[in-house]
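Enquirer: Dropping a prediction and its sequence here:
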Amino acid sequence: MTLNERRFPPRPDFGARGVSTWVRANYFEVQLPRTVIFLYEVSFVPEIRIRGLKERVLELLRKHPNLVAFEKHVATDGSKFIVSTKKLNPSSLETSAGRNDDRLTIEIIDNEVKAGKKYKVKIQRVAEIFPTDLTDYVQGTRPDYDPAQATQALNILAAKFPRDQPNMVPIGGNRFFIIDNRSDLMIDLGGGVVARKGFYSSIRPTIDRMLCNVNVCTKAFIKPGPLVDLIFEYLGINPRSQFPPRDRLRGLPNFLKGLKVSFTYRNNGKTNFKTIESLLNKKPNECILERTDMKTGLTSTINVAQFFKDVYNVNLTYPHFPAVKLLNDRTSMIVPAEVLTVVDGQHCKDDKMSSDQVGKMISAACRKPPENADMITGVGLPSLGFKGNDGYLKDFDMKVSNQMVVVPARTLPGPTVSYANNKRMQPGPSWNLRDTRFSTAGDMQSWTAFIVEDPRYPIPRDAAKNAIDGFESSCRATGVRVAPCNMSFCDAARFNFDDIMNDPRQMEAAGVLIKQKFDKLAGKVSIVLVILDLKQHKAFGPVYAAVKYAGDVKCGVATVCCQWGRFRDGGPQYWSNVALKFNFKLGGTNHLVSTDQLGFLKNGKTMLVGCDVTHASPKSRRGTPSIAGVVASCDGTYATYPASLRLQGHRTEMIADLKEMLIERLKFWNQKSKNKSWPECVMVYRDGVSEGEFHRVLDFELPKIKQAFKECGAGPQYNPKLTITIVGKRHHTRFYPTDQAQADHDNGNPMNGTVVDRGITSVYDFDFFLQAHKGLKGTARPAHYYVIYNEIGVKSDELQGLTHNLCYLFARATKSVSIIPPAYYADILCERGRCYINGLYNTVEGNTSGKTKASDEEKEQTMREALALWGEGVHQRVKNSMFYL
């Protein structure tokens with residue numbers, strides 16, 4: 001598809017409402033080369049599939065005599081492409097007519113492999129980039145030009161410097177991490193893992209200029225050094241401790257698998273590099289090798305410990321440590337752990353990190369806006385070769401400004417929030433419920449409490465009763481009609497939290513026990529307060545999942561979970577927040593936004609829809625299905641969003657059953673409406689789609705939406721006006737106030753309500769950035785809204801204003817949230833779906849996604865297991881509520 005065949009709707013106008021201000025953005029202006037840029041595609045014979053090997057062969061290619069003369073003018077992405085500001089065949093034409101002549105085939109010998117592995121590298125020019133075309137595009141005179149290849153080529157050129165630095169580790173095409181033990185660049189996370197700082201860099205077209213987006217990023221890395229030291233840290237033991245049995249290794253074999261290690265024990269002066277295949281369940285003196293005497297030809301056996309003593313004069317200091325199996329070309333070799341050293345620069349995969357390490361890394365990544373901006377300009381620009389070290393860019397006739405761009409912004413006012421008894425308030429980014437009753441109160445006439453505890457540390461029942469009494473009082477204060485807790489149904493599930501984490505069978509038994517307890521409550525109570533005494537225990541995740549699976553799927557019992565310590569000590573403020581969840585799950589409405597502040601939504605004839613998909617994580621079973629979620633408003637208050645949830649194929653991003661799910665939502669709207677009407681407009685907020693997949697939403701999901709309109713029962717002519725907006729969260733745009741009067745004085749972020757639709761946005765398309773929330777910690781990340789379909793014809797001020805005001809309608813909080821609630825709810829809904837197949841999403845060691853792709857047979861088997869767990873999906877008794885919040 002070319003840009004001529006289909007474009008997104010053009011920007012109708014620029015927004016004007018709000019208080020005008022200026023913000024710095026972490027973008028830097030790029031001076032383009034004045035000459036043609038040539039893009040070449042690279043192929044290998046035999047084919048190379050391992051990225052690290054491709055990078056090594058391409059590095060050898062750059063040093064080949066046929067290319068060394070072009071070294072200053074050539075860059076590579078380390079995988080598939082070469083970019084050059086000079087033709088590799090000087091006699092070829094600069095235009096597309098010269099492509100057939102501009103090709104090379106070079107033989108490369110990789111001497112890191114025994115006998116030297118030979119590769120034929122074929123290089124073929126595939127495109128010519130004329131910078132004048134790109135200039136015309138950003139200046140608005142070439143809307144038919146596709147900037148994708150030009151942007152790709154510029155990013156490859158810009159990445160050459162950090163790729164060439166020995167202390168920089170590239171991850172992907174645009175993130176580069178610094179290997180430096182300075183305290184501002186490395187944070188010890190414990191357990192043999194450190195967090196390292198790096199920088200993201202991406203050149204992209206914006207209005208009237210090319211800009212480079214630069215941001216700080218943080219990544220976990222394995223701590224380098226002796227392997228035994230890494231093992232000590234991971235297990236939290238000292239060198240004189242007895243090595244624990246295998247069932248208490250807490251994932252150590254998985255943690256070590258795939259690590260690159262070095263050794264020099266062969267005394268040949270050469271450092272050898274290998275990869276750990278596995279940690280054996282044997283000590284070195286229990287591993288037997290066969291060796292053949294070169295003189296006599298006789299074969300004998302010897303254990304690994306004795307072999308290392310006899311051959312390499314290595315006396316083991318830690319003979320009680322398990323031996324390690326290394327990948328050795330196509331075979332394996334077994335060595336003691338203490339002769340190995342972990343190589344620096346290896347990033348730690350998510351499935352190898354504990355929740356505590358993840359929490360520490362998130363804290364390490366949070367920096368106040370001034371600190372973040374200073375690190376970008378003071379450390380990031382030099383590290384990327386944009387400042388001081390810009391010789392590489394000069395070779396390409398490029399330059400990146402050292403000053404962040406300053407762009408116009410506006411601060412939108414917050415809406416009026418209303419509660420019962422006509423109480424109206426004009427809050428800031430957050431407010432409290434003191435002396436406030438919910439807009440529409442729910443009915444808690446039949447409810448109970450359920451306790452999940454470890455029998456070693458039982459919850460005192462009198463303390464639980466006192467806290468429940470306090471919670472009841474807070475519910476009454478908010479207007480909820482609450483009867484005393486039905487203690488005759490109050491029950492508990494008791495199991496050893498440590499044991500269920502060490503034994504999958506006990507975890508399964510715990511889930512069965514919770515279901516059995518909930519079966520007794522089904523149909524007898526309307527909602528259950530579940531008190532979990534898990535504190536920071538790693539069992540919290542699977543136990544929470546078991547509770548939600550039993551309540552939502554198996555038994556049809558609405559549940560609200562809370563941590564015992566916070567429920568006991570939190571007092572009225574905490575209890576009021578729990579009451580928020582009770583109220584909307586019981587059909588109440590916590591608060592409203594004045595409809596005259598919702599633009600064209602005020603007539604109540606538009607349905608808001610949120611869509612998202614979640615995928616298997618590195619800890620999931622290979623082939624685990626993805627989960628798709630759709631939520632939709634059902635009336636003109638835009639406060640309630642029932643949901644539809646489905647399993648779909650492994651890592652399938654587009655929503656397979658979108659037609660059926662949207663039909664469910666349309667029918668529920670019709671059922672709830674007073675005169676059995678259907679929405680006249682539908683606004684879809686699609687979460688979780690990358691920029692490269694926007695067109696796929698139009699190709700795949702738009703037809704399903706239109707088909708849902710035809711088949712929902714409203715008649716064949718039913719075709720409400722439709723707008724689709726992508727909600728982006730995983731981007732690197734940040735804003736820094738220039739006017740302290742328009743800054744948040746608590747943290748230095750822009751004020752909530754800051755909107756930017758000029759300076760760094762799309763040249764032609766309809767997009768904007770909105771920071772609707774108050775950044776509580778670190779540098780706030782705005783949401784990016786990108787309109788890809790606009791039959792409604794909504795314009796900038798209207799869309800920006802209603803999007804911001806709707807962010808105050810998030811049901812379980814008294815604050816404005818970071819993204820519009822339908823998209824936020826869809827994300828939470830998909831996370832809830834993970835609870836229903838938690839055993840597949842968080843599986844046992846040795847059966848995870850890993851590097852290898854799932855076979856069709858694995859996908860089918862895993863899908864069968866998922867469908868068996870999923871059953872009929874969410875139970876009929878709770879499916880039309882906001883059960884997922």
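Expert: Happy to help now that I have it.
Enquirer: since we're on residue 199, how many residues are nearby?
Expert: 24 (other Cβ atoms under 10 Å). The way it works is simple: take the backbone N, C-alpha and C, and place the C-beta from them, glycine included.
Enquirer: next one: residue 374
Expert: Neighbour tally, residue 374, other Cβ under 10 Å: 13.
Enquirer: same deal with residue 428?
Expert: Quick note: residue 428 (other Cβ under 10 Å) scores 14 neighbours.
Enquirer: Tell me who's in contact with the residue nearest to it when sequence neighbours are not counted.
Expert: Excluding the flanking residues, the one nearest residue 428 by Cβ to Cβ, 6 or more residues apart in numbering is residue 414, at 6.7 Å. By Cβ atoms under 8 Å, 6 or more residues apart in numbering, the contact set of residue 414 is 426, 427, 428, 429, 752, 753, 804, 805, 808, 816.
Enquirer: For PyMOL, write the select line for the buried members of those residues.
Expert: Buried residues among the contacts of residue 414 (16 or more other Cβ atoms under 10 Å), as a PyMOL selection:
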select buried, resi 427+429+752+753+804+805+808+816
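Enquirer: host element of the residue most central in space within the chain?
Expert: In the chain, the centroid-proximal residue (Cα atoms, centre = their mean) is residue 730; its distance is 7.1 Å. For residue 730, there is no enclosing helix or strand under DSSP states H and E.
Enquirer: Skipping adjacent residues, who's closest to it in space?
Expert: Residue 730's closest residue in space is residue 690 (Cβ to Cβ, 6+ apart), at 7.7 Å.
Enquirer: separation between that neighbour and residue 784?
Expert: The gap separating residue 690 from residue 784 is 11 Å, by Cβ to Cβ, to the nearest Å.
Enquirer: Please apply the same query to residue 406.
Expert: Distance from residue 406 to residue 784, by Cβ to Cβ: 19 Å.
Enquirer: Check residue 186 too.
Expert: From residue 186 to residue 784 the distance is 30 Å (Cβ to Cβ).
Enquirer: Residue 853 now?
Expert: 31 Å.
Enquirer: the more surrounded of the two?
Expert: The neighbour count for residue 853 versus residue 784, taken as other Cβ under 10 Å, is higher for residue 784 (20 against 12).
Enquirer: in its sheet, what does the helix or strand containing the more buried one sit against?
Expert: Per DSSP H and E, residue 784 falls inside strand 783-790. Its sheet considered, strand 783-790 pairs with strand 721-728 (antiparallel), strand 766-771 (antiparallel) by DSSP bridges.
Enquirer: circling back: next step: the contacts of residue 414 restricted to helices.
Expert: Counted as lying in helices by DSSP state H, out of those, are 804, 805.
Enquirer: Could you pull up phi and psi at the residue nearest to the centre of the chain?
Expert: The phi and psi torsions at residue 730 (degrees, to the nearest 10) take the values phi -90, psi 70.
Enquirer: and if you look at residue 16?
Expert: Torsion angles, degrees, to the nearest 10, at residue 16: phi -130, psi -20.
Enquirer: in the protein, which segments are predicted with low confidence?
Expert: For the chain, residues meeting the criterion pLDDT under 70 lie at 1-6, 113-115, 246-248, 250, 267-268, 329-331, 844-852.
Enquirer: The same query, at a cut-off of 50, please.
Expert: 1-6, 845-846, 850 (pLDDT under 50).
Enquirer: ok, residue 608 to residue 821 distance?
Expert: From residue 608 to residue 821 the distance is 8 Å (Cβ to Cβ).
Enquirer: so what strands line up beside the helix or strand residue 188 falls within?
Expert: For residue 188, the element it lies in under DSSP H and E is strand 186-190. Applying DSSP bridges to the sheet, strand 186-190 is found paired with strand 193-206 (antiparallel).
Enquirer: how far out from the middle of the chain is the strand it pairs with?
Expert: What separates the centre of strand 193-206 from the centre of its chain is 15 Å, taken as Cα atoms, centre = their mean, to the nearest Å.
Enquirer: Could I get the CA-only coordinates of whatever helix or strand comes next after it as PDB?
Expert: Moving toward the C-terminus from strand 193-206, the next helix or strand (DSSP H and E) is strand 209-222. C-alpha atoms of strand 209-222 as PDB (Å, rounded to 0.1, in the frame of the first residue of the first chain):
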ATOM      1  CA  ARG A 209      11.700  19.800   9.900                       C
ATOM      2  CA  MET A 210      13.300  16.500  10.800                       C
ATOM      3  CA  LEU A 211      13.800  16.000  14.500                       C
ATOM      4  CA  CYS A 212      15.600  13.400  16.600                       C
ATOM      5  CA  ASN A 213      13.800  12.100  19.700                       C
ATOM      6  CA  VAL A 214      16.300  11.300  22.500                       C
ATOM      7  CA  ASN A 215      15.300   9.900  25.900                       C
ATOM      8  CA  VAL A 216      16.800   8.200  28.900                       C
ATOM      9  CA  CYS A 217      16.000   4.500  29.100                       C
ATOM     10  CA  THR A 218      16.900   1.800  31.700                       C
ATOM     11  CA  LYS A 219      17.600  -1.900  31.200                       C
ATOM     12  CA  ALA A 220      18.500  -4.700  33.500                       C
ATOM     13  CA  PHE A 221      21.800  -6.500  32.900                       C
ATOM     14  CA  ILE A 222      23.500  -9.500  34.400                       C
END
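Enquirer: orientation of strand 209-222 relative to strand 193-206 in degrees?
Expert: Computed with axes from the mean of the first three to the mean of the last three Cα atoms, to 10 degrees, the direction of strand 209-222 lies at 170 degrees from that of strand 193-206.
Enquirer: Check which helices and strands strand 209-222 sits against.
Expert: Contact partners of strand 209-222 among helices and strands, from 3 or more Cβ pairs under 8 Å, 6 or more residues apart in numbering; DSSP states H and E: strand 19-31, helix 131-138, strand 175-178, strand 193-206, helix 355-365.
Enquirer: With distance to residue 717 as extra columns, can I get the ones you listed in JSON lines?
Expert: Written out in JSON lines, the entries for those read as follows (distance: least, Cβ to Cβ, whole Å):
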{"stretch": "strand 19-31", "distance to residue 717": "45"}
{"stretch": "helix 131-138", "distance to residue 717": "41"}
{"stretch": "strand 175-178", "distance to residue 717": "51"}
{"stretch": "strand 193-206", "distance to residue 717": "41"}
{"stretch": "helix 355-365", "distance to residue 717": "51"}
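Enquirer: Please, where are all the helices along the stretch 451-600 of the chain?
Expert: Secondary structure of the stretch 451-600 of the chain, counting by DSSP state H, counting those that start in this stretch: helices at 461-477, 497-502, 504-519, 540-548, 564-569, 571-585.
Enquirer: what's the answer for the stretch 601-750 of the chain, then?
Expert: Taking DSSP H, counting those that start in this stretch as the criterion, the stretch 601-750 of the chain contains helices spanning 658-672, 694-696, 702-711.
Enquirer: Out of those helices, which one sits most buried?
Expert: Of all those, helix 658-672 carries the top mean neighbour count, a mean of 20, counting by mean count of other Cβ atoms under 10 Å.
Enquirer: which residues sit in contact with residue 109?
Expert: 60, 116, 117, 118, 119.
Enquirer: Now do the same for the first one: helix, strand or coil?
Expert: In other words, residue 60. Judged by DSSP: H, G, I helix; E, B strand; the rest coil, the three-state class of residue 60 is helix.
Enquirer: picking that back up, hey, what's in contact with both of residue 608 and residue 821?
Expert: Contacts common to residue 608 and residue 821, judged by Cβ under 8 Å, 6+ apart, are 641, 806.
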